[in-house]
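A.B. asks: the following block contains a protein sequence and its predicted model.
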Amino acid sequence: MIMDNELEGFRRDRYFARSWALLTRDRGWVKPVLVLSVALLVPVVGLLGVLGYALEWARLTAWGVNASPKQRGVDVGACIKSGWRAFLVILVWSIVTGIVVGVLSALPLLGGLVSLAWAVCSFLFSVVVMVASLRATIYQRFGAGMRLSTIWQMISHDPVGLLRVACIVLVGGALMGLVTMLVMTAALTGAVSELIWYLEYLSYGSAMSSSAELALAIRLLASLVSSMGPAIVVLVLLDGIMGVTVTLLAHTAVGLWMRQFDVASWGRDEDPLPPFKADPRDAWANRSWQPMPQQGVPGPAKKDEAAEKDTGAEKNLLPELGPVEPAQADSSDQGPVSEGGR
C-alpha cells in the first residue's frame, strides 16, 4: 500500500509500487489500458500513439505531478507526435549502439565477452533509451534525446535506481513470455491429434496425386487455423494488455527516477543540470542519528566565548545568497494525457 506522501518528490526505491499507485489512482483506470491495447492493432500509427501517450504521462510525472493517465479529451495528435520523436531517438540510439557492439564483437579476444555482456545487459539499454526519449519529450525536441553528456551524467549519478526500473521491464517481459508459452501449449495440445492424423495420411503420398496432396495440405492448414485461431486471438489481446501496462509502468517509473534531477529547474537543453535532489529519508536519517553522551562520559567540550565570537565574525564575512527561482511551466506543460494541475 502506497501512502500519498510516498508519491511526493523523489524517492530512490519502490518504483513499481509507486508507478502502479499512480496508474490506478483514479476510477476507470482500466479504460485507457484497454483503449491503448486496441490502438496497437492499428499499424504504425497505433504504436506511435501508445508510445507517445506513455511518454506524455511520464513527462508530467517527472515534473512532479501525481496524476493517473487521462481518460477523456486526449490529444491524439500530440501523442503521435511525441511517439514519432521518441521513435527517432530510439532508432538513432539503436543504430549507433548496434555499430559499436558489432565492431567490438568482431575483435579477436574481446568479441565473445562483448557479445555475452550485451546479451545479459541489453534490457538495461531499453531503459537508457527511455531516459533519452523522456528527455526529448520534456523539451519537445529531438536533439535533447541526443545530449549524450547530460544523459550519461544522469545515469552515472544513480545507476542503481535505473536498474530497479529495468527490473520492471525484465519481469514484465518474462510474464508475457510465460503467458504466451502457456496459451500456445494449450492450443497446440488440442491440435496435436489432428496434426498426427494428417501427417500419417501424407506418408502415403506415393499413392496420391499432386492435387490430392495439395487439397490435404489445405485441409490441414484450415484445421490448424480453426483450432488455434481462438487461442491466437486471446494471446494477442493478453499480450497487448500486458505490453501496454508494462510500457506505462516502466515509463512513469523513469519519470519518478528523473525527479531527483529537479526537472522544474531545467533551463535550455545545453545548460548543465541543477543540483541533484536527495531522498528525504536520507536527510532525516542523518539528522536523527546523533550519539548521546552517556552518564559518566563527558560530552563535547564547550567552546569559549572568544572562539564563538570569532566564528560569528567569520560567518558575517560570507556573502548572503538569495533564493534561486525555479523555472515555471506554462499551461502547455500540463500535457495531453494527464488530469489535474501542478
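C.D. replies: Perfect, thanks for sending it.

A.B. asks: please count neighbours and contacts with C-alpha atoms only from this point.
C.D. replies: Will do.

A.B. asks: right, and Trp20 touches Leu248 too?
C.D. replies: No. Counting by C-alpha atoms under 8 Å, no contact exists between Trp20 and Leu248, whose distance comes to 9.2 Å.

A.B. asks: quick one: which of the two has more around it?
C.D. replies: The residue with the greater number of neighbours, taking Trp20 and Leu248 and applying other C-alpha atoms under 10 Å, is Leu248; the counts read 23 against 20.

A.B. asks: does that one lie in a helix or a strand, and which?
C.D. replies: Secondary structure assigned from DSSP states H and E places Leu248 in helix 210-258.

A.B. asks: now do the SS call for Leu107.
C.D. replies: In terms of secondary structure, Leu107 is coil; the call rests on DSSP: H, G, I helix; E, B strand; the rest coil.

A.B. asks: phi, psi of it?
C.D. replies: When read as degrees, to the nearest 10, the backbone of Leu107 gives phi -70, psi 140.

A.B. asks: what of Pro43?
C.D. replies: Backbone torsions of Pro43, given as degrees, to the nearest 10, read phi -60, psi 140.

A.B. asks: please report how far it lies from Leu7.
C.D. replies: 36 Å (C-alpha to C-alpha, to the nearest Å).

A.B. asks: which one's more surrounded, these two?
C.D. replies: For Pro43 and Leu7, the more surrounded residue by other C-alpha under 10 Å is Leu7, and the numbers stand at 19 against 9.

A.B. asks: pretty sure the more buried one contacts Asn66?
C.D. replies: Yes. Using C-alpha under 8 Å, Leu7 is in contact with Asn66, at 6.9 Å.

A.B. asks: pull the helix or strand with minimum mean pLDDT from the chain.
C.D. replies: helix 305-317 (a mean of 39; mean pLDDT, DSSP states H and E).

A.B. asks: just give me how far stretch 133-141 sits from the chain centre.
C.D. replies: 14 Å (C-alpha atoms, centre = their mean, to the nearest Å).

A.B. asks: quick one: the helices in the chain?
C.D. replies: Secondary structure of the chain (DSSP state H): helices at 15-23, 30-39, 45-63, 76-105, 111-139, 148-157, 159-202, 210-258, 280-288, 305-317.

A.B. asks: many thanks, we can stop here.
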